[in-house]
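> Quick one, structure for this:
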Amino acid sequence: MPTYDIPRNRAGFTLVELLVVIAIIGVLIALLLPAVQQAREAARRMECSNKLKQLGIAMHNHHDTYLHFPALRDNNGGTRSTNPRGNEGRNSGLMHILPFIEQGAIYDTLSQPGTFSGTAVLAFGPIRERAWYPPYVAKIEAFVCPSNPSSPANIWSNSFGARSYAVSMGDSINSNHNLENPRGIFGRVDHNERSQIDMSSITDGTSNTIMMAERSFGVSGDDKNIRGYFANGVSGLNSSPIDCMTTASQGRYLSSQSVQTGRAVGVQWFDGYPAFTGVTTVLPPNSPSCAVDNWGDSWGLFSASSYHPGGVMVLMADASVQFIPETIDTGDLTAGESTSGPSPYGVWGALGSKSGGEVASLP
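Predicted structure coming up:
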């Protein structure tokens, strides 16, 4: 009589074994995610660095063509009340490097008078916030670091003209919105005049002088974040810059501090006031920014900032790009500003001044 083996049930995972496997997978994911995020940020940082490099080459090409650097801001001689309308001296010098970053079409529109939405406009545009002026609403990718938020904060209910990079005024503070020759490379010029700042003005050396730095934009609704907004109505900034530091803690403005929420600073690359397209090398990177007035139409301290961990990218005057840590030496922030000679604000201030006579090197 034949015999048959009785099949046995194959053993499966026990509940304990299943939980152990799930725990191991969870640990692996927890280890992997930061690595993936770091890799993505490294790629974004590299792209950000490349964009700054291209802006540096554009600045050099502008200098080679016109024998001077563009100004922080300039003037087309008109106001919002003239016909045709003008820009009231708010032009950003970034307008003039557009042909050198493959934005010739936008520059062609900017550099010619015209009529837009029934309004006659002088060459180089109307007053800054006009959303009906085509060059102002154009998104220029060369001005935007990919580490910044994908949707910048609004200004007067519009979000246009995003920019992540600002031009350096060095360690000039008082009236830095109105100086023809600040301690940095970019000043202002009047109607039909040109900047007097050229390569020969940078006596501290192009490899030791900052030309541009990151100044990131914020997100609408997060107006206590020091990125993208500035504290307003802060006095005494030129005699004691450290007072600006007391407006914020751990990257956020204090609840008691007045902040200009109507004018986010990461938009309107075409607005030449330093509150919007300038940067000062006084307070360390990722510090608060402070304006002496309410709207940012005057002077103040406007700090470099970024979404890169630990510091910011800067463009040197020789068109090289460097990373500056938040821990960079800033000297004596209780000291009043200097209008000549060495900067009182340590290595950071020295890197911003083009002719301070300091012996400073990158950290």
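> how near is Gly262 to Leu351?
As defined by Cβ to Cβ, to the nearest Å, Gly262 lies at a distance of 32 Å from Leu351. The C-beta positions use only the backbone N, C-alpha and C, and glycine is treated the same way.
> nope, Asn232 is what I meant
Asn232 is 27 Å from Leu351, by Cβ to Cβ.
> Show me which of the two is the more surrounded one.
Between Asn232 and Leu351, Leu351 has the larger neighbour count (other Cβ atoms under 10 Å), namely 30 against 23.
> where does the more buried one land in three-state SS?
Secondary structure state of Leu351, per DSSP: H, G, I helix; E, B strand; the rest coil, is helix.
> can you tell me which residues contact the nearest residue to it once chain neighbours are set aside?
Among residues not flanking Leu351 along the chain, Ile210 sits closest, at 5.0 Å (Cβ to Cβ, 6 or more residues apart in numbering). With contact set as Cβ atoms under 8 Å, 6 or more residues apart in numbering, Ile210 has these partners: Ser168, Gly170, Gly184, Thr281, Val314, Leu315, Met316, Ala317, Leu351, Gly352.
> switch the cut-off to 6 Å
Ile210 sits next to Ser168, Val314, Leu351, Gly352 when contact means Cβ atoms under 6 Å, 6 or more residues apart in numbering.
> Of those, grab the buried ones for PyMOL.
Typed into PyMOL, the line below selects the buried ones among the contacts of Ile210, using 16 or more other Cβ atoms under 10 Å:
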select buried, resi 168+314+351+352
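> would you list the contacts of Ile210 in a markdown table and tack on pLDDT and distance to Asn87?
Below are those laid out as a markdown table (pLDDT from 0 to 100; distance: Cβ to Cβ, whole Å):
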| residue | pLDDT | distance to Asn87 |
| --- | --- | --- |
| Ser168 | 97 | 22 |
| Val314 | 98 | 28 |
| Leu351 | 97 | 31 |
| Gly352 | 97 | 27 |
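> okay, the contacts of Ile210 in TSV with distance to Ser175 next?
Formatted as TSV, the contacts of Ile210 follow (distance: Cβ to Cβ, whole Å):
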residue	distance to Ser175
Ser168	16
Val314	24
Leu351	22
Gly352	16
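> any idea how far Glu180 lies from Thr281?
19 Å.
> Neighbour count: these two, which is higher?
Thr281 (32 against 14).
> what's the spacing between that one and Pro70?
According to Cβ to Cβ, Thr281 stands 19 Å off from Pro70.
> pLDDT weak spots in the stretch 51-200 of the chain?
By pLDDT under 70, the stretch 51-200 of the chain contains no weakly predicted segment.
> can you pull out the helices in it?
104-110, 134-137 (DSSP state H, counting those that start in this stretch).
> Tell me which of those helices sits most buried.
helix 134-137 (a mean of 18; mean count of other Cβ atoms under 10 Å).
> Export that one to CSV, keeping only CA atoms.
Output in CSV follows, covering the C-alpha atoms of helix 134-137 (Å, rounded to 0.1, in the frame of the first residue of the first chain):
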residue,chain,number,x,y,z
PRO,A,134,6.4,94.1,-19.7
PRO,A,135,10.0,94.1,-18.7
TYR,A,136,9.0,94.3,-15.0
VAL,A,137,6.9,91.2,-15.1
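> Tell me how many other residues crowd Thr339.
13.
> same question, Ser355
15.
> pLDDT at the residue nearest to it when sequence neighbours are not counted, what is it?
Distances taken as Cβ to Cβ, 6+ apart place Thr203 nearest to Ser355, at 4.4 Å, with adjacent residues excluded. pLDDT recorded at Thr203 is 96.
> how far away is Thr203 from Met59?
Taking Cβ to Cβ, one finds Thr203 at 18 Å from Met59.
> Between these two, which has more neighbouring residues?
Taking neighbours as other Cβ under 10 Å, Thr203 and Met59 compare with Met59 leading, 25 against 11.
> In contact with that one, which residues?
No contacts exist for Met59 under Cβ under 6 Å, 6+ apart.
> how near is it to Ser157?
Taken as Cβ to Cβ, the span from Met59 to Ser157 is 33 Å.
> try Met211
To Ser157, Met211 is 33 Å away according to Cβ to Cβ.
> More neighbours: these two, which one.
A count of neighbours by other Cβ under 10 Å puts Met211 above the other of Met211 and Ser157, at 27 against 9.
> before we move on, what SS does that one have?
strand.
> Retrieve the pLDDT associated with it.
98.
> from what I can see it touches Ala317, true?
Yes. Judged on Cβ atoms under 6 Å, Met211 makes contact with Ala317 at a distance of 4.6 Å.
> Tell me which residue is most central in the protein.
Nearest to the mean C-alpha position of the chain, by Cα atoms, centre = their mean, lies Arg215 at 2.1 Å.
> Report the separation between the nearest residue to Asp318 once chain neighbours are set aside and Gly311.
The shortest distance from Asp318 to any non-neighbouring residue, by Cβ to Cβ, 6+ apart, is to Thr206 (4.0 Å). To Gly311, Thr206 is 21 Å away according to Cβ to Cβ.
> out of these two, which sits in the more crowded spot?
Higher neighbour count among Thr206 and Gly311: Gly311, with 21 against 16, using other Cβ under 10 Å.
> Give me the distance between that one and Glu326.
For Gly311 relative to Glu326 (Cβ to Cβ), the value is 5 Å.
> Need the overlap of contacts for these two.
In the contact map built from Cβ under 6 Å, 6+ apart, the residues linked to both Gly311 and Glu326 are Pro285.
> wait, isn't Gly56 in contact with Ala317?
No. The pair formed by Gly56 and Ala317 falls short of the contact definition of Cβ under 6 Å, at 8.1 Å.
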